[in-house]
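[1] Provide a 3D model corresponding to the input given below.
(one chain, ligands or ions: 2)
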Amino acid sequence: MTNNSITLTIDGQPITVPSGATLLEAAAAAGIDIPVICYHEATSPNGLCRVCVVDVDGGRVLQPACVAECQADSHVETGNERVERSRRTILEMLNASVNLRQAPEIQAMMRALAADASRFPDARRRESELIDDNPFYVRDYEQCVLCWRCVQVCAEDAQFTFALTLKNRGHDTSVATAFDISMTESPCVFCGQCLGVCPTGALKPKMEWGMEQGWTAEELRKNTRRGRKRRADGE
Ligand code: SF4
Ligand code: FES
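    Ligands and ions are numbered 1, 2, ... in the order given. Reported below is the predicted structural model:
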């Protein structure tokens, strides 16, 4: 071990990592998979969703593995009963308020943890109109888990365009353009990077969405060349 590396134990397995490595990075180096939602390798981690929590030395609170740094000689458990109960509850609460119908990775997490999709039947659902204001993609924030990935990739993490921000507070928080202007009026350059990092169906290419709606070839051609604002029946 050098001054720039530390050794800890993860799920009983000793591992030496560079000083400053996160628990997520150390676990990956040890071949241990930790579920993530807000974390993406292309964006700066912010520790928002907390589905990546792990147990460090039985501490009072669980640590978010995507942002918590490894501590020398610590003992980390990534899947004990306490960790799984916490992740399960987070997923159940998320599912209670957000439409996760088109979020296969999150659905797989729920199955793996035997999460109860009907645990919070009276929870307030996130409701918003589908936004179709440009020829390239639609936004359905009923499916948004507020991971922030799109906001970050649009800003300092990649594009430096700053077309996206957050509006409102608490349950009503939503991704939006500044002052809710249309995407065509915003600085958006339609690079598509936000769609690439979105873990749900909240952001979708207009062509794909149109095909799901059963548009004809002519409708696809026409509607992907100008903006419209609508929500399909039954969506
Ligand atoms: S739109 Fe997608 S990428 Fe953006 S915050 Fe919502 S879920 Fe995350
Ligand atoms: S993945 Fe770590 S807090 Fe979201």
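
[2] how about the residues of this structure by ligand 2?
    When proximity is defined by Cβ under 6 Å from any ligand atom, the chain lies next to ligand 2 at V36, I37, C38, Y39, G47, L48, C49, R50, V51, C52, P64, C66. Using the backbone N, CA and C atoms, a C-beta is placed for each residue, glycine as well.

[3] same thing but 5 Å
    Applying Cβ under 5 Å from any ligand atom, one finds that the chain approaches ligand 2 through V36, C38, Y39, G47, C49, R50, C52, P64, C66.

[4] and V175, helix, strand or coil?
    Of the three states, V175 takes strand according to DSSP: H, G, I helix; E, B strand; the rest coil.

[5] on that earlier part again, with neighbour count and pLDDT added, can I get the residues of the chain next to ligand 2 in TSV?
    Formatted as TSV, the entries for the residues of the chain next to ligand 2 read as follows, by neighbours: other Cβ atoms under 10 Å; pLDDT from 0 to 100:
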residue	neighbour count	pLDDT
V36	20	98
C38	23	98
Y39	25	98
G47	15	96
C49	24	97
R50	17	98
C52	28	98
P64	24	98
C66	24	98
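
[6] between the residues you listed, which is closest to R111?
    Here the nearest of the residues of the chain next to ligand 2 to R111, counting by Cβ to Cβ, is V36; it sits at 16.5 Å.

[7] just checking, what packs against the longest helix along the chain?
    Assignment by DSSP state H gives helix 81-97 as the longest helix of the chain. Under the contact criterion of 3 or more Cβ pairs under 8 Å, 6 or more residues apart in numbering; DSSP states H and E, helix 81-97 touches strand 53-56, helix 104-112.

[8] give me the mean pLDDT for the last one.
    If you average the pLDDT over helix 104-112, you get 98.

[9] now do the contacts for the residue nearest to K206 when sequence neighbours are not counted.
    Nearest-residue entry for K206: T224, 4.9 Å, with adjacent residues in sequence omitted and distances by Cβ to Cβ, 6 or more residues apart in numbering. Listed by Cβ atoms under 8 Å, 6 or more residues apart in numbering, the contact set of T224 reads P135, F136, K206, M207, G210.

[10] many thanks, we can stop here.
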